[in-house]
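1. sequence first, predicted coordinates after that:
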Amino acid sequence: MACIEINNLTKDYGQDRGIFDISLSVDQGEVFGFAGINGAGKTTTIRNLMGFIKPDSGHATTNGLDCTKKSAQVKQKVAYIPGEINFPGNDSGEVFLKRQMEMIGRGNWEHCKKICDKLQLDATANIKSMSKGMKQKTAIAAAFSAESDVLIMDEPTTGLDPLMRDTFIELLAEQKKMGKTIFMSSHIFKEMEETCDRVALIKNGKIVDIVSMDDIRYNKNKRFKLEFKNDASFKRFSELSYHCINIQPDDLQVTVEINDKDINELMNDLLQYDVLFFKEIKQTFEDYFNQTFKEEA
C-alpha cells in the first residue's frame, strides 16, 4: 500500500530549474532514497511533499492527504528534517525539543533523551550558539522522537562526522523496524546503501531511474579481477569470449563481468591457466550512481 504518492509533479522556476513531471510512490514501511547532484530537484520535491510550495501541475499525497490542500495536516503528521536548519527563538535544545512534542501532541521526553545520548548531543546548550553539527543532531532528535508514522528528511546527515553518521544509520534502522515510512534525500552513498529499500535518481528535475537496493547488494552480474603468472596465460585467456571490462597487459591483469549462472564455467576454464590471484570486485550504490549519471551525460 502506497504511503507517499507523487503524480506528474511539476514546479518550473524557469531556465530549466525545478522539477518536471515527476511520478513515484513509496510503500508503507519502506525506506525510500532520493539521490542526485546539487540542483537536481531533491529539495524542491521535498518542499512540495511538505506543502511549503505549490506545484504548477500534478499533485502529491501523504497517507491520502493532499500535500498542497491539506498541508497543515501533513505537517502535523509528518516528522521533517529540512535541508537548512534555522531554529526559532533563543532557548535551549531541551526547551525546543519539548515544545515540539507539545505542539504535535506526541513523543516521550525520556525516549528523546536516549536519542540525544546516542547522538552525543548536549540538549542544554542554547540553540543559537550550537554548531552546525549540533543543530543537525537536534533536528534528528526532534524527528525521531516525534513518533510519527512518516519521516521526510532532506540531507539529514549534513554536518555530521562519520561516526555520527553511523549512529544515524542505527537510529534509522530502529525506525524502520517500527514500520515507519521514510523518504530521504542524501549525498552519502553509504547511508543510502545500508538503509534504503529503493532509491530514485533525479537529474535536471527529472527521474532517470528507480532502483531496488537489493539489485545493487545482490547483483547477479559479478565482476572478477584476475592476474596471471605469465604472458602466455594472460594472452590465451584474453582470447576467450568473456566480457572483459578492463584489460591491463603490462600487469597481466583482466577484469571480467559475468552472470552468476556462468561462474562455474569460468572456474573450470581458469584451471587451464597459471593464475596468480582471483578477486571479486563488489559493486556499490556509488558505482551504480556514477555509471547511471555517466550514461545520462
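-> It's in. Numbers count the residues shown, from 1 in each chain.
2. quick one: the strands in the stretch 51-200 of the chain?
-> Along the stretch 51-200 of the chain, counting by DSSP state E, counting those that start in this stretch, strands occupy 57-62, 65-66, 78-81, 150-154, 181-185, 198-203.
3. show residues contacting the second one.
-> Strand 65-66 has contacts (CB atoms under 8 Å, 6 or more residues apart in numbering) with 59-60, 73-74, 77. For the C-beta atoms, the positions are set from N, CA and C on the backbone; glycine is no exception.
4. if we go to 6 Å?
-> 73-74 (CB atoms under 6 Å, 6 or more residues apart in numbering).
5. Gly39 belongs to a helix?
-> No: counting by DSSP: H, G, I helix; E, B strand; the rest coil, one finds Gly39 to be coil, located in no helix.
6. picking that back up, quick check: which of the strands of the stretch 51-200 of the chain is buried the most?
-> Stretch with highest mean neighbour count among those: strand 181-185 (a mean of 25; mean count of other CB atoms under 10 Å).
7. what is the rounded mean pLDDT of it?
-> Across strand 181-185, pLDDT averages out at 96.
8. I'd like to know which elements it is packed against.
-> Where contact means 3 or more CB pairs under 6 Å, 6 or more residues apart in numbering; DSSP states H and E, strand 181-185 is packed against strand 31-35, strand 150-154.
9. hey, where'd the helices end up in the protein?
-> If DSSP state H is used as the criterion, the helices of the chain fall at 42-49, 71-77, 93-104, 109-118, 132-144, 162-177, 189-195, 213-217, 231-238, 263-270, 285-296.
10. can you add distance to Leu201 and give these back as CSV?
-> As requested, the helices of the chain are exported to CSV (distance: least, CB to CB, whole Å):
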stretch, distance to Leu201
helix 42-49, 10
helix 71-77, 25
helix 93-104, 32
helix 109-118, 30
helix 132-144, 24
helix 162-177, 20
helix 189-195, 10
helix 213-217, 12
helix 231-238, 34
helix 263-270, 29
helix 285-296, 6
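11. quick one: closest of those to Phe278.
-> helix 263-270 (7.0 Å; CB to CB).
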